[in-house]
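Trainee: Predicted model, plus sequence, below.
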Amino acid sequence: MMSINAPNKANPWLFRFAVLTAFVTFLLIGLGGLVTSHGAGMSVPDWPNTYGYNMFAFPVSKWVGGIFYEHTHRLLATAVGLLATVLAGWLWISETRPWMKWLGVAALFGVVAQGILGGLRVTLHKDSLGVFHATIAQLFFILVCAIALFSSRFWAGLTANPKTFFVSRGLRTLVLATTLVIFGQLVVAATIRHQHAGLAIADFPLAYGKLWPDTSSAAVAGYNARRVSVTEEAPITAFQIELQMVHRVVALAISILVAACAWQAWRRLGGGDALARLALFWLGLILVQVALGAATIWTNKAADVATAHVMVGALSLVTGALWCLIGFGRSAMNLPNTQPVGVFGVQTSMMANK
């Protein structure tokens, strides 16, 4: 049975390559956000070619308008695919931890799935596939960041010297639950974006001048009459308005939850602990994310602001995920006489419930 806390020797070059892969993936998420923000998702109608050209031979002179965003997105996606392939091979050849080899394989399959989904989104003309494409992008980003963490000197030092602050079960559960809520929020956000309903409610913090907007047929017809004449946006539905309100309510809940995580981490672990500082950084990201969400509305969904909102959202999710990996892993390493179990071999015992 494999264990996540099996001793390992850090490989600095593998770690740097994993960080590079994660960074380029983050840039790809941002570029994907620009594609959606500019409404450029169908600017290139064919796939895997680009207007009949081999993707790599498409003339630079034709990289104009929405084609620029969509085509460069494809090229950067190809670069991520190449990086993920090399990373998977490197892990398979050099890693002594079997589960790390399989994480590399999972990353490779993930990037292939992303490429296929992106292509089908174009060839089948289905906006719904864009939601799955965006969701898997977030999961892939988490996976690559996890590989970087497990390849780091920090993790090697943690496994070699596990004597550190034990993270209580309550705090770990709170952070995990908050991270899952953030993931759900990003799925809702992807649904809104790919329905082109980011401005289903055009004011903030109120919604059509109320705490909760009227979504009756007559009210929605009135909203659309003003919306089409003023912004020339496509008509919206009551469902899209309600989905936008769910997004706002969940954003408020996330702010409260992350603040609670930061306060609990600081109180229980102390200001000098790495996880306490990470929790404070997480809270800072969430505050920036809320400000960007408001600015997205106030700027009539300016592409750069909306894209920054997407990117900070991705950072918020991966921060929570990495906190969980460190918190759960570190606590397991401090438990005596445990048996490794679970997907990553995280150890548990009766003491974990104390």
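Mentor: That came in fine, so what should we check first?
Trainee: tell me the helices in the stretch 101-250 of the chain, going along the chain?
Mentor: Using DSSP state H, counting those that start in this stretch, the helices of the stretch 101-250 of the chain run over residues 127-150, 153-160, 169-194, 217-231, 238-269.
Trainee: export those helices to CSV and tack on distance to residue 306, mean neighbour count and mean pLDDT?
Mentor: In this view, the C-beta of every residue, glycine as well, is placed from N, C-alpha and C. Shown next, in CSV, are the helices of the stretch 101-250 of the chain (distance: least, CB to CB, whole Å; neighbours: other CB atoms under 10 Å; pLDDT from 0 to 100):
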stretch, distance to residue 306, mean neighbour count, mean pLDDT
helix 127-150, 13, 21, 93
helix 153-160, 34, 16, 80
helix 169-194, 8, 19, 94
helix 217-231, 15, 13, 78
helix 238-269, 13, 18, 95
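Trainee: could the ones you listed go into TSV alongside distance to residue 291?
Mentor: Converted to TSV, the helices of the stretch 101-250 of the chain look like this (distance: least, CB to CB, whole Å):
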stretch	distance to residue 291
helix 127-150	21
helix 153-160	30
helix 169-194	16
helix 217-231	23
helix 238-269	11
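Trainee: These: which one's closest to residue 95?
Mentor: The closest approach between residue 95 and any of these, judged by CB to CB, belongs to helix 127-150 at 9.3 Å.
Trainee: orientation of that closest one relative to helix 153-160 in degrees?
Mentor: Inter-element angle recorded for helix 127-150 and helix 153-160: 60 degrees (by axes from the mean of the first three to the mean of the last three CA atoms, to 10 degrees).
Trainee: helices or strands next to helix 127-150 in the packing?
Mentor: Helices and strands touching helix 127-150, by 3 or more CB pairs under 8 Å, 6 or more residues apart in numbering; DSSP states H and E, are helix 12-37, helix 65-94, helix 98-123, helix 169-194, helix 303-333.
Trainee: pLDDT below threshold where in the stretch 1-150 of the chain?
Mentor: Under the criterion pLDDT under 70, the flagged ranges of the stretch 1-150 of the chain are 1-9.
Trainee: go again using 90 as the cut-off
Mentor: Judged by pLDDT under 90, the stretch 1-150 of the chain has its weakly predicted residues at 1-11, 36-43, 45, 48, 118-131.
Trainee: Now do the domain split for the protein, please.
Mentor: Structural domains of the chain, as assigned by automatic domain parsing, span the residue ranges 1-161, 163-354.
Trainee: roughly how far out does the shortest one sit from the chain middle?
Mentor: Taking the mean of its C-alpha atoms, domain 1-161 sits 12 Å from the chain's own mean (CA atoms, centre = their mean, to the nearest Å).
Trainee: just to revisit the earlier point, can you tell me which of the helices of the stretch 101-250 of the chain comes nearest to residue 280?
Mentor: With CB to CB as the yardstick, what comes closest out of the helices of the stretch 101-250 of the chain is helix 238-269 (5.2 Å).
Trainee: tell me the angle of the closest one relative to helix 303-333?
Mentor: In terms of direction (the same axes, to 10 degrees), helix 238-269 departs from helix 303-333 by 40 degrees.
Trainee: Residue 272 should be in a helix, yeah?
Mentor: No. The assignment for residue 272, made by DSSP: H, G, I helix; E, B strand; the rest coil, is coil rather than a helix.
Trainee: For it, grab the count of nearby residues.
Mentor: Around residue 272 sit 8 other residues, with neighbours defined as other CB atoms under 10 Å.
Trainee: roughly how far apart are the residue located most distally from the centre of the chain and residue 238?
Mentor: Distance from the C-alpha centroid of the chain, by CA atoms, centre = their mean, peaks at residue 218 (37.3 Å). If you measure residue 218 against residue 238 using CB to CB, to the nearest Å, the figure is 11 Å.
Trainee: Residue 58 too?
Mentor: The spacing between residue 58 and residue 238, counted by CB to CB, is 42 Å.
Trainee: Many thanks, I have nothing further to ask.
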